[in-house]
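# Could you work out the structure for the sequence below:
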Amino acid sequence: MDQTPQRLTGAQSVMACCAAAGMPAIFGVPGGGSSLDLIAAAKRQGIPFMLARTEGGAGIMAAALAELTHRPVGLLTTRGPGVSNAANAMANAALERAPVILFADGFPAAEARFTTHQWFDQAAMMAPVTSARLRTQEVPAGEATYAALQAALAVPRGPAYLELPGDVAGGAAAPAPEFRWPELPPPDAATIAAARRMIAQAQRPALIIGLEATLPARAAATRALVEALGAPALVTYKAKGVVPDRHPLFGGVFTGGEAEAPLLREADLIILLGADPVEFIGQAWRYAAPVLDFATAPRRLDYTPPALALHGAWEAAAEELAGTCPARPWPAGEVARRRDAWADALRNTAGGNRGMAPSEIVTTTQAALSGHPRVAVDAGAHMFPCTTFWECFAPGDLLISNGLATMGYALPAAIAAAWHDPARGALAFTGDGGLMMCLGELATAAAMKLNLTVVVFNDALLSLIDIKKGTRDLPEGALDWPEADFTQVMRGMGGAAWRVADAAGLRAALAEAEATPGPRLIDVRTDPSSYPAQIKALRG
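The predicted structure follows:
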């Protein structure tokens, strides 16, 4: 029997390291060079590859899956335009703190001396949106992969760039170093004791929960602290579900705007639990109360310098404080009253016969569904009623691009969610403008036969930008377009579709959609007339 050890290639070394890190999937659009070697090596390691229709869509799928699994996820592209097309998705991963590894083809040494076609400094292009850039022309493939994964999983998490030309992918390589997950130390005992004193001195603390709290251990410790204090808890968009919407201490959604201010102005201590500054809108901090900040690492908090910060694996501190701090409940009924006032201020009303009010679309959809799909929300004016009125029960129930707020997000993110949990499925809430930016991914959903419903808020308008135009005299067609019929597009891509204009029609379409296998789309005529009042109430 031949005992000669098998030759390890660069692509195989890369994928063995990724498998050791628990990479659940790779999304992408392959080209020549290293792409095919990487896909074959991934298959050998049991890492599935999913073909998307665009690099940008693939990168959003990767980021969404990374957020759901808390594992690094791959994005594969060809060199040149493949890399440049992925730039928006990498910016999204950076600002959503998602550990995405971009596997980019590069130029073999024999070509690099004279090639100009498709050539630019790909690593330099990715520098602003990646925590590390490794070129296997300079660092052995296994070592480079290990370094990229470590950088992506360090705090704050984010994407890394790995360039692998075809000659390195197919050439001989050494194994990667044994993979070890980065570890965070807990906050020190003295700082925890100081935090305990701050909480004990407060009479009306309030908590703001952010994206770092979505990891299972942190989510559990966060809920334990909220319930031990008996104080109201607000969540950012990314942290929806850490404290469920129906929890008696749920205080609403925190954006940094005016809608949540009546509650927070009553607080004499504000506790940030994993709230990343990238989640806040660009407005001045409204509150005089001291801030106690729980964060995985020191960072600039320009909105308001904290009076005290706990850094590291802060879930250990939150759990300890939950067991030792005195309860600090607000007066009976006050949290519910504030929460109801917040929701009432943000509710849309229809303004005639143009179609459904946006918040009515959200509540009608959730009430009509027999299951509880994960929901992905696109950027645009419709995101405000979606994030306010879609009830979440656990972390990861709602996916959104908040830090970057890119359009064209909801459909690819929902594809990743539906692939991740086929039985539960996924729902994409998207505006017509956002859907137009990623229409090709409807074909991806159809090819994958996903349990996915797309609900389109169709108002033939860039509604949020239309609100921002103020008194500016813009040319005709600058912010609107003829109404599109997305049902025809969906059917052409291989899915089922309905077009509706009222609640009864939406309920009927949803009932049929639930009984229809594969992806389906519901094009909802939407009345945008109440968006300005809603955004005024939200942001002030």
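
# Next, Ala297: phi, psi?
phi -150, psi 160 (degrees, to the nearest 10).

# Could you pull up the residues touching the closest residue to it other than its chain neighbours?
By the measure of CB to CB, 6 or more residues apart in numbering, the closest residue to Ala297 outside its immediate chain neighbours is Val155, 4.4 Å from it. Yep, even glycine has a C-beta here, placed from its N, CA and C like the rest. When contacts are counted by CB atoms under 8 Å, 6 or more residues apart in numbering, Val155 touches Pro182, Leu184, Thr296, Ala297.

# So the third one versus Pro306, what's the distance?
So the one you mean is Thr296. Between Thr296 and Pro306 the computed distance is 14 Å (CB to CB, to the nearest Å).

# When these two are compared, which one has more neighbours?
Just comparing Thr296 and Pro306: by other CB atoms under 10 Å the higher neighbour count belongs to Thr296, 22 against 16.

# pLDDT value on the more buried one, please?
Per-residue pLDDT puts Thr296 at 98.

# Report the separation between it and Ile361.
36 Å.

# Repeat that for Val73.
The gap separating Val73 from Ile361 is 31 Å, by CB to CB.

# Ala124 too?
Computed as CB to CB, the Ala124 to Ile361 distance reads 44 Å.

# Ok, Thr9 next?
In this structure, Thr9 lies at 51 Å from Ile361, with CB to CB as the measure.

# out of the two, which sits in the busier spot?
Set Thr9 next to Ile361 and count neighbours by other CB under 10 Å: Ile361 wins out with 28 against 19.

# Count the residues that sit near Trp119.
14.

# In three-state terms, label it for me.
Remark: Trp119 carries the secondary structure label coil [criterion: DSSP: H, G, I helix; E, B strand; the rest coil].

# so what's the nearest residue to it once chain neighbours are set aside up against?
Once flanking residues are discounted, Trp119 sits nearest to Phe107: 6.6 Å by CB to CB, 6+ apart. For Phe107, the set of contacting residues under the criterion of CB under 8 Å, 6+ apart consists of Arg79, Thr115, Trp119, Pro165.

# Against Gly257, how distant is Phe107?
Distance from Phe107 to Gly257, counting by CB to CB: 47 Å.

# Same question for Thr526.
Distance of Thr526 to Gly257, computed by CB to CB: 23 Å.

# Tell me which of the two has more neighbours.
Comparing Thr526 with Gly257 by neighbour count (other CB under 10 Å), the higher total belongs to Thr526, at 28 against 18.

# show me what contacts the more buried one?
If you count contacts by CB under 8 Å, 6+ apart, then Thr526 has Arg354, Gly355, Met356, Pro358, Ile361, His382, Phe457, Asn458, Asp459 around it.

# for the stretch 351-500 of the chain, what are the low-confidence residue spans?
352-353, 462-471, 474, 476-481 (pLDDT under 70).

# now the strands: where do they sit in it?
Secondary structure of the stretch 351-500 of the chain (DSSP state E, counting those that start in this stretch): strands at 374-377, 398-400, 426-431, 452-458, 496-500.

# Determine which stretch of these is the most buried.
Comparing the strands of the stretch 351-500 of the chain by mean neighbour count (mean count of other CB atoms under 10 Å), strand 426-431 comes out on top with a mean of 30.

# That strand pairs with which strands, parallel or anti?
Strands flanking strand 426-431 in the sheet, each with its direction: strand 374-377 (parallel), strand 452-458 (parallel) (DSSP bridges).

# got a pLDDT number for Pro159?
99.

# Now, of the contacts of Val155, which are buried?
Thr296 (16 or more other CB atoms under 10 Å).

# how about the contacts of Val155 in TSV, adding secondary structure and distance to Asp37?
Listed next are the contacts of Val155 as TSV, based on DSSP: H, G, I helix; E, B strand; the rest coil; distance: CB to CB, whole Å:
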residue	secondary structure	distance to Asp37
Pro182	coil	28
Leu184	coil	35
Thr296	coil	36
Ala297	coil	36
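
# for the contacts of Val155, which one is nearest Ala504?
For Ala504, the closest of the contacts of Val155 turns out to be Thr296, at 47.9 Å, with distances computed as CB to CB.

# who's in contact with that closest one?
For Thr296, the contact set (CB under 8 Å, 6+ apart) comprises Val155, Pro156, Leu184, Glu212, Gly274, His311, Gly312, Ala313, Trp314.

# could you dump those to JSON lines with secondary structure and distance to Thr388?
Supplementary listing: the contacts of Thr296 in JSON lines, determined by three-state DSSP; distance: CB to CB, whole Å:
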{"residue": "Val155", "secondary structure": "coil", "distance to Thr388": "30"}
{"residue": "Pro156", "secondary structure": "coil", "distance to Thr388": "27"}
{"residue": "Leu184", "secondary structure": "coil", "distance to Thr388": "33"}
{"residue": "Glu212", "secondary structure": "helix", "distance to Thr388": "22"}
{"residue": "Gly274", "secondary structure": "coil", "distance to Thr388": "21"}
{"residue": "His311", "secondary structure": "strand", "distance to Thr388": "32"}
{"residue": "Gly312", "secondary structure": "coil", "distance to Thr388": "33"}
{"residue": "Ala313", "secondary structure": "coil", "distance to Thr388": "32"}
{"residue": "Trp314", "secondary structure": "helix", "distance to Thr388": "28"}
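
# Drop anything exposed from those.
Neighbour-count burial (16+ other CB under 10 Å) is assigned, among the contacts of Thr296, to Val155, Pro156, Glu212, Gly274, His311, Gly312, Ala313, Trp314.

# can you list those in CSV and add pLDDT?
As requested, these are arranged in CSV below (pLDDT from 0 to 100):
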residue, pLDDT
Val155, 96
Pro156, 95
Glu212, 99
Gly274, 98
His311, 98
Gly312, 98
Ala313, 98
Trp314, 98
